[in-house]
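J.: The sequence and its predicted three-dimensional model are supplied below.
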Amino acid sequence: MFDIKENLKKLPDSPGVYMHKDSLGQVIYVGKAVSLKNRVRQYFQSYGKSTPKLAALTSQIVEFEYITCASEMEALILECNLIKKYQPKYNVLLRDDKTYPYILVTTSEKYPRVLKTRIIKKDGNKYFGPYSDVGAVNIIVDQLNEMFGLKRCSAEDFPKGFRPCLNYHIEQCQGICQGDVDEKEYGKKIDSILAFLSGKDKAFIRELKNEMERASSEMKYEEAARARDLMMSMEALSQAQRVTMAPGRDMDVVIPVKDDENSFVVLFTVRDGKLVGRETFEIASLEGDDAKLLTAEFLKQYYEKWADVPHDILVPELPDDVELIEEFLGHNKHKVKISVPKKGERLAIMKLAKKDTLELLNTVKERQKSNREKRETLKKEMDYVLREASLAMKLSPIDKAGSYRVESYDISNTNGVDSVGAMVVFEGTSKIRKDYRRFKIKTVEGPDDYASLHEMIYRRLARANEGDPAFKTLPDIIFMDGGIGQVGSALKAMEDAGIMIPVVGLAKDDSHRTRAIVFSDGRELDLKNNPLLFKYAGTIQEEVHRFAIDYHRNLHNKRAITSVLDEIDGVGPKRRNALLAHFGSIEAIKKASVEELTELPEINERIAKAIKDFFK
């Protein structure tokens, strides 16, 4: 088992991100630290009991994992990415996809603009970031626009007689709408801005320093202050710019590790230039297998199942037949380059990954042993549940070597309106999201959950009888979200469909916590003295409940949203969807300014004003 006290002693005194896990190995909290050694220890001291939330969190921590970083800023960005990936139940403050801003240069336009944005699109434009210092981003964007007299409006066509805006009259825009700007000269300014945002800022800062000193000597203190503020903002962003290590690029870093007993491959994932995750894979190998062979076999076996392989894969040593492997991974769709980095940011990424791998290997063996023990224990407990569920239904118990496949069902509606059903699938502790299914309830009027469950499960089994590939794989056991009544609905549906599968219910206590497994003959298995099975059943119950509610909420919101936005002149389905994707809700659209609305390529000033006028 994972020894928390021993592993606390091994923590490095360096920046990084830590992940607390529960008894099923699920990430329940992600945090960043200036010193992993000091921060993680606090959870197991008085700090971990200082609030009810922390006490609840620490009571569920069975193990922890960490990733070292080169700086606190890199840890902050990685923390954000990992929270988006795992969505841990205790990270309630960092679930917004719009946490950090980017600087956007609209290079797809004839006369590009420089804007702040919180959403990235594959639209041919250049994005830089993300940045944690929102104030610095605002200053940079404003100062660049002012210094270079850049175009501010989103309009691209200027008919004869077009009236210039206020920025032109106060000399903060060169007047592209008046036809007075040379495209090549404007392009040179944009090139300088792109160079600066790409990190080539030494000449830029040197020029600003000279400008500040000149203005100060001439007692033009406002000009000197503007140059000083821009320099300070550049310094604030310079560290964050390191985090975007290869702007716009996806790459993986593959590091093989072999010792006397085990072989591993550690995979670091970089997406849009940001380190977003790390995974460890155990490799079955023989004594004479070297690191080059481990790399080659991992590349072929891991990426063979992926349709979209990153263009760049970094390795510490090139495998044999590297050109053949590159061609194989490209699937004749795009070029894949496997390389050993020699300099620059790619070498920095490799060094960071190697350093972190050494830290990781201090605990990976213990973690794997702990995971094996948990899987074996859960398998034995599920053996018992399946056997008892089968006997209760007078079915022959199955004897399966691997993990059991579990399906679970739930209903969600609002007083019988928009009634929907949800089906989730687990294999062991893994969520099989590709097999999740959603159902609109068609034959039931009003809030009748039992009848709705019967309809959903019968339709699911009928599709299996028809040979539908999406429903052909049947579960080993069904977990119903509820007690004996829900189990009865499932039994009736199975009898009508002619397919019998062991089924149990998941009953809750007065605090809505899973308390017992209910068999079809009315017997109950109390879970209070069975913590691993309790956690497993509760996880399945929470997941099916979440999936059902999300589907119901989406249907309800879609109808409500459509009825409002579609009433605005000039807003059709395309603009409506763009607004909702960007702002997330009607309330956020109401509060947005014209400038914020026109950040979207689909929304020009006329439409933005129409939206503001409508909500007034």
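T.: The structure has been received and is ready for your questions.

J.: from here on, contacts and neighbour counts on C-alpha atoms
T.: Noted.

J.: after the top helix by length along the chain, next one along is what?
T.: As assigned by DSSP state H, the longest helix anywhere in the chain is helix 344-392. Using DSSP states H and E, the helix or strand that follows helix 344-392 in sequence is strand 405-414.

J.: which parts of that following strand are buried?
T.: Burial within strand 405-414, assessed by neighbour count using 16 or more other CA atoms under 10 Å, is assigned to 405, 406, 407, 408, 409, 410, 411, 412, 413.

J.: swap in stretch 118-125?
T.: Neighbour-count burial for stretch 118-125 flags 118, 119, 120 (criterion: 16+ other CA under 10 Å).

J.: got JSON lines for the buried residues of strand 405-414, with distance to residue 112 and pLDDT too?
T.: Below are those laid out as JSON lines (distance: CA to CA, whole Å; pLDDT from 0 to 100):
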{"residue": "405", "distance to residue 112": "53", "pLDDT": "92"}
{"residue": "406", "distance to residue 112": "53", "pLDDT": "94"}
{"residue": "407", "distance to residue 112": "52", "pLDDT": "95"}
{"residue": "408", "distance to residue 112": "52", "pLDDT": "95"}
{"residue": "409", "distance to residue 112": "51", "pLDDT": "93"}
{"residue": "410", "distance to residue 112": "50", "pLDDT": "90"}
{"residue": "411", "distance to residue 112": "50", "pLDDT": "88"}
{"residue": "412", "distance to residue 112": "48", "pLDDT": "85"}
{"residue": "413", "distance to residue 112": "48", "pLDDT": "75"}
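
J.: any chance of the residues you listed in CSV, with distance to residue 428 too?
T.: Below are those laid out as CSV (distance: CA to CA, whole Å):
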residue, distance to residue 428
405, 7
406, 8
407, 11
408, 13
409, 17
410, 20
411, 23
412, 26
413, 29
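
J.: Pull the distance from stretch 315-331 to the chain's centre.
T.: Computed by CA atoms, centre = their mean, to the nearest Å, the chain-centroid distance of stretch 315-331 equals 29 Å.

J.: Pull that stretch out as CSV, backbone CA atoms only.
T.: C-alpha atoms of stretch 315-331 as CSV (Å, rounded to 0.1, in the frame of the first residue of the first chain):
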residue,chain,number,x,y,z
VAL,A,315,12.8,11.1,-27.1
PRO,A,316,16.1,10.9,-25.2
GLU,A,317,17.6,8.5,-27.7
LEU,A,318,16.4,7.7,-31.3
PRO,A,319,15.0,4.1,-31.7
ASP,A,320,16.1,1.9,-34.6
ASP,A,321,14.0,2.2,-37.8
VAL,A,322,13.0,5.7,-36.7
GLU,A,323,12.0,6.7,-40.3
LEU,A,324,9.8,3.7,-40.7
ILE,A,325,8.1,4.4,-37.3
GLU,A,326,7.5,8.0,-38.3
GLU,A,327,5.8,6.9,-41.5
PHE,A,328,3.7,4.4,-39.6
LEU,A,329,2.6,7.0,-37.0
GLY,A,330,1.7,9.6,-39.7
HIS,A,331,-0.9,7.2,-41.2
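
J.: Could you list the residues in contact with it?
T.: Contact with stretch 315-331 is made by 253-255, 291-293, 295-296, 299-300, 303-304, 309, 335-341, 350, as judged by CA atoms under 8 Å, 6 or more residues apart in numbering.

J.: Can you pick out the ones from those that are in helices?
T.: Using DSSP H, the subset of those located in helices is 291, 292, 293, 295, 296, 299, 300, 303, 350.

J.: Now restrict those residues to buried residues only.
T.: Among the ones in helices among the contacts of stretch 315-331, those classed as buried by 16+ other CA under 10 Å are 291, 292, 293, 295, 296, 299, 350.

J.: Closest to residue 431 out of those residues?
T.: The nearest member of these to residue 431, counting by CA to CA, is residue 299 at 24.6 Å.

J.: pLDDT averaged over the helix or strand hosting residue 84, what's the number?
T.: Residue 84 belongs to helix 72-86 when assigned by DSSP H and E. Average pLDDT, helix 72-86: 75.

J.: Just list what the longest helix of the chain packs against, helices and strands only.
T.: Under the contact criterion of 3 or more CA pairs under 8 Å, 6 or more residues apart in numbering; DSSP states H and E, helix 344-392 touches strand 63-68, strand 251-258, strand 503-508, helix 531-565.

J.: Pick the most buried one from these.
T.: Scoring those by mean neighbour count under mean count of other CA atoms under 10 Å gives strand 503-508 as the most buried, with a mean of 26.

J.: For whichever helix or strand comes after that one, which outside residues touch it?
T.: Under the assignment DSSP H and E, the closest C-terminal helix or strand after strand 503-508 is strand 514-518. For strand 514-518, contacts defined as CA under 8 Å, 6+ apart pick out 483-484, 504-509, 524-528, 534, 537-538, 541.

J.: Try it again at 6 Å.
T.: Residues from elsewhere that reach strand 514-518 (CA atoms under 6 Å, 6 or more residues apart in numbering): 504, 505, 506, 507, 508, 509, 524, 525, 526, 527, 538.

J.: Compute the distance between the residue nearest to residue 583 when sequence neighbours are not counted and residue 575, please.
T.: Using CA to CA, 6 or more residues apart in numbering and skipping the chain neighbours, the partner closest in space to residue 583 is residue 589 (6.1 Å). Computed with CA to CA, to the nearest Å, the distance linking residue 589 and residue 575 is 12 Å.

J.: just residue 303 next, same as before
T.: Distance, residue 303 to residue 575, using CA to CA: 37 Å.

J.: same deal with residue 478?
T.: Distance, residue 478 to residue 575, using CA to CA: 42 Å.

J.: same thing with residue 330?
T.: In this view, residue 330 and residue 575 are 36 Å apart by CA to CA.
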